[in-house]
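*Asks:* just coords:
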Ligand SMILES: NC(=O)C1=CN([C@@H]2O[C@H](COP(=O)(O)OP(=O)(O)OC[C@H]3O[C@@H](n4cnc5c(N)ncnc54)[C@H](OP(=O)(O)O)[C@@H]3O)[C@@H](O)[C@H]2O)[C@@H](O)CC1
Ligand SMILES: Nc1ncnc2c1ncn2[C@@H]1O[C@H](COP(=O)(O)OP(=O)(O)O)[C@@H](O)[C@H]1O
Ligand SMILES: [K+]
């Protein structure tokens, strides 16, 4: 799914209105109907609902939502914050439609702000994507009062005061919703850690904006949904006469004394991704551990007891993964230095392989094009050599890094962002905080190395691998709960 900026979404609305054709008033009705459908599936008519509206089209949505809920016999109170002399045309039209049904409570000064009771619901329709400046005055006071209440808050389209495509100032006063129900496509802010408290649990509802516009409009941002991933057509079917040679031979290099588990986890995940053969280079202290815990893998023990030091003969391997548990010993650095110019096969760099690259930045120029790097935010900061100002700055640095080095970077975390060498970014839709546990990233390295080994092109291996890793994590969390989840559970749930 493509992610669009606010100006693009506005153009998308206008294109749909012109080409469907549909009036903007009807489009508002359609959007609000989609919201109400979502709402009624979750909340019954025993609750008290406060719809708090502004005077733009987001407020217009609020008025329609209020009317539709009244028609469904919900207990609805409608408030309008008078932040400008007149409302948008669609707001005014819907205000007129509401009058025979109920009284609208106008908020014109601080003393008009109601108390929102603990058990009630607040539908936030103050400001949407038309936010043009920070909230102030009694509008900000209303937001503060809603946030201070214990009511359940549901934002219409986007939380009032939250900027969709650019960072907010720390001092901005913004609704902190429990849920955001957004129209047609997620906003960029929804996949940034810094906006988390201003988004809550979010869901996109389809309001039937033009498919032709979406197809024709370019964007660097994508959201990897199930249907998007299915379009890759990466099959889980194996041909009847397939043999182990049909699925490639992976080489994983990693582990050091005390961190052999990391490379074992990667190895297990690599095997489960479907590779024909797997060879694992570990220091000698890892030999018995690997052979015992994973008899399916072949071991290539380094002469050194504690760390990897030897550049293996990489001829014949379909793909390479290096880093989990690797350590940063000077002898291992030497290995990496000598390995880099020899690599002709697709390669994944993770963990200490990335840290060594950060500490010896001249090595970055030796990365083969389309290599896949899988840093967590701290590792990415080390690769950059400097911190970022905010999440949007981070995204732009990520795009630039991928373009400059012609590599694929999977910046891990909730909504892992995969940056391609052409500057596009794919935000992942799967995964859960249960995966914030040691070894989860090692599993990802094994999965992506395994996909590369089977001949899947690097950009697909990265996006698909990240998606499937999160999906396996979601299945694992269903079984073990989020706190109970460990990295091995992700491996046990792998399969596509
Ligand atoms: N057909 C469509 O387009 C559809 C649109 N849809 C809905 O429309 C929403 C976007 O609507 P919108 O563009 O009218 O913007 P919205 O956020 O309601 O506010 C704009 C008003 O607020 C004002 N204002 C801004 N910032 C302010 C501040 N800090 N403090 C005070 N005032 C402030 C601003 O004033 P101005 O900047 O002009 O001075 C203007 O008067 C979108 O999120 C979705 O919910 C859906 O129905 C689907 C169909
Ligand atoms: N809150 C979260 N939501 C979704 N996925 C997460 C979350 N926290 C961590 N993950 C995933 O778990 C993995 C953690 O990787 P990493 O930090 O490298 O762990 P390790 O080094 O212990 O293997 C990443 O793939 C990341 O996307
Ligand atoms: K809103």
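*Replies:* Yep, it's here. Remember, it's a predicted structure, so these values are computed and weren't measured experimentally. Numbers count the residues shown, from 1 in each chain. Ligands and ions are numbered 1, 2, ... in the order given.
*Asks:* what ranges do the helices span in the stretch 51-200 of the chain?
*Replies:* Here the stretch 51-200 of the chain has its helices, by DSSP state H, counting those that start in this stretch, at 57-71, 89-98, 137-148.
*Asks:* for residue 2, grab phi and psi.
*Replies:* In terms of degrees, to the nearest 10, the main-chain angles of residue 2 are phi -80, psi 150.
*Asks:* so it touches residue 219, yeah?
*Replies:* Yes - contact criterion CB atoms under 8 Å: residue 2 and residue 219 qualify, at 5.0 Å. All C-beta spots, glycine's among them, are computed from the backbone N, C-alpha and C.
*Asks:* what's the closest non-adjacent residue to residue 112?
*Replies:* Excluding its sequence neighbours, the residue lying closest to residue 112 (CB to CB, 6 or more residues apart in numbering) is residue 106, at 6.9 Å.
*Asks:* beta partners of the one you found?
*Replies:* residue 80 (DSSP bridges).
*Asks:* export the helices of the stretch 51-200 of the chain to a markdown table and tack on mean neighbour count, mean pLDDT and distance to residue 276?
*Replies:* Output for the helices of the stretch 51-200 of the chain, formatted as a markdown table (neighbours: other CB atoms under 10 Å; pLDDT from 0 to 100; distance: least, CB to CB, whole Å):
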| stretch | mean neighbour count | mean pLDDT | distance to residue 276 |
| --- | --- | --- | --- |
| helix 57-71 | 24 | 98 | 54 |
| helix 89-98 | 18 | 97 | 60 |
| helix 137-148 | 18 | 95 | 56 |
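*Asks:* and of the ones you listed, who's closest to ligand 1?
*Replies:* Nearest of the helices of the stretch 51-200 of the chain to ligand 1, taken as CB to the nearest ligand atom: helix 57-71 at 3.1 Å.
*Asks:* quick one: work out the angle between that closest one and helix 89-98.
*Replies:* Orientation of helix 57-71 against helix 89-98 (axes from the mean of the first three to the mean of the last three CA atoms, to 10 degrees) gives an angle of 20 degrees.
*Asks:* what's helix 57-71 in contact with?
*Replies:* With CB atoms under 8 Å, 6 or more residues apart in numbering as the test, helix 57-71 has contacts from 24, 28-29, 31-33, 35-36, 39, 49, 51-54, 76, 78, 80, 87-88, 90-91, 93-95, 97-98, 101-102, 123, 125-130, 156-157, 160.
*Asks:* what does stretch 277-287 give?
*Replies:* Residues from elsewhere that reach stretch 277-287, judged by CB under 8 Å, 6+ apart: 244-245, 247-257, 260, 263-264, 267, 270-271, 289-290, 294, 296-310, 312, 317.
*Asks:* what of stretch 377-386?
*Replies:* Residues outside stretch 377-386 that contact it (CB under 8 Å, 6+ apart) are 351, 354-355, 357-359, 361, 364, 373, 375, 387-388, 394, 397-398, 401, 409, 411-413.
*Asks:* go through that stretch and flag the buried ones.
*Replies:* 379, 380, 381, 382, 383, 384 (16 or more other CB atoms under 10 Å).
*Asks:* if we can go back for a sec, now, the contacts of stretch 277-287 that are in helices?
*Replies:* Here DSSP state H is the test, and these give 260, 263, 264, 267, 270, 271, 289, 290 as lying in helices.
*Asks:* nearest to residue 341 among these?
*Replies:* residue 263 (23.3 Å; CB to CB).
*Asks:* and the stretch 51-200 of the chain, which residues reach ligand 3?
*Replies:* Contact residues, the stretch 51-200 of the chain versus ligand 3 (CB under 5 Å from the ion): 58, 124, 128, 155, 156, 160.
*Asks:* now the element after the strand or helix carrying residue 338, going C-ward?
*Replies:* Using DSSP states H and E, residue 338 maps to helix 330-339. Next along the chain after helix 330-339, taking DSSP H and E as the criterion, comes strand 347-349.
*Asks:* average pLDDT across that next one?
*Replies:* In this model, strand 347-349 has a mean pLDDT of 98.
*Asks:* how about whichever helix or strand comes after it: buried residues?
*Replies:* Later in the chain than strand 347-349, the nearest helix or strand by DSSP H and E is helix 351-359. Buried positions in helix 351-359, judged by neighbour count with 16+ other CB under 10 Å: 351, 352, 353, 354, 355, 356, 357, 358.
*Asks:* and which of the residues you listed is nearest ligand 2?
*Replies:* residue 351 (6.0 Å).
*Asks:* just give me the neighbour total for the residue nearest to residue 112.
*Replies:* 12 (other CB atoms under 10 Å).
*Asks:* centroid residue for the protein?
*Replies:* residue 415 (1.9 Å; CA atoms, centre = their mean).
*Asks:* so where's the protein uncertain?
*Replies:* Low-confidence regions of the chain, defined here as pLDDT under 70, do not occur.
*Asks:* which helix in it has the most residues?
*Replies:* Longest helix in the chain, counting by DSSP H: helix 458-480.
*Asks:* circling back to that earlier point, so the residue nearest to the centre of the chain sits in a helix?
*Replies:* No - in this structure, residue 415 is coil, not part of a helix, as judged by DSSP: H, G, I helix; E, B strand; the rest coil.
*Asks:* show the contacting residues for it.
*Replies:* Contacts for residue 415 were tallied using CB under 8 Å, 6+ apart; they are 191, 427, 428, 429, 431.
*Asks:* if we check ligand 2, which of those are in contact?
*Replies:* Among the contacts of residue 415, proximity to ligand 2 is found for residue 431 (CB under 6 Å from any ligand atom).
*Asks:* pick the one among the contacts of residue 415 closest to ligand 3.
*Replies:* Closest approach to ligand 3 among the contacts of residue 415 (CB to the ion): residue 191, at 18.2 Å.
*Asks:* what about the closest one, neighbour count?
*Replies:* Based on other CB under 10 Å, the number of other residues close to residue 191 is 25.
*Asks:* what's the separation between it and residue 372?
*Replies:* 20 Å (CB to CB, to the nearest Å).
*Asks:* which ones are touching residue 354?
*Replies:* The neighbours of residue 354, taking CB under 8 Å, 6+ apart as the test, are 323, 373, 374, 375, 379, 382, 383.
*Asks:* circling back: so which pair among the buried residues of stretch 377-386 is furthest apart in space?
*Replies:* Using CB to CB, the two most remote members of the buried residues of stretch 377-386 are 379 and 384, lying 9.9 Å apart.
*Asks:* can you list the buried residues in stretch 229-239?
*Replies:* 229, 232, 234.
*Asks:* my guess is the first one contacts residue 467, does it?
*Replies:* Yes - contact status for residue 229 versus residue 467: in contact at 5.0 Å, counting by CB under 8 Å.
*Asks:* where's the residue of the chain most remote from its centre relative to residue 173, distance?
*Replies:* Computed with CA atoms, centre = their mean, the residue of the chain farthest from its C-alpha average is residue 100, at 44.2 Å. For residue 100, the distance to residue 173 equals 35 Å [CB to CB].
*Asks:* what's the answer for residue 66, then?
*Replies:* For residue 66 relative to residue 173 (CB to CB), the value is 24 Å.
*Asks:* over to residue 135?
*Replies:* 5 Å.
*Asks:* looking at those two, which is more packed in?
*Replies:* Shown here are residue 135 and residue 173; by other CB under 10 Å, residue 135 has more neighbours (23 against 17).
*Asks:* ok, and the closest non-adjacent residue to that one?
*Replies:* Closest to residue 135 by CB to CB, 6+ apart is residue 161, at 4.6 Å.
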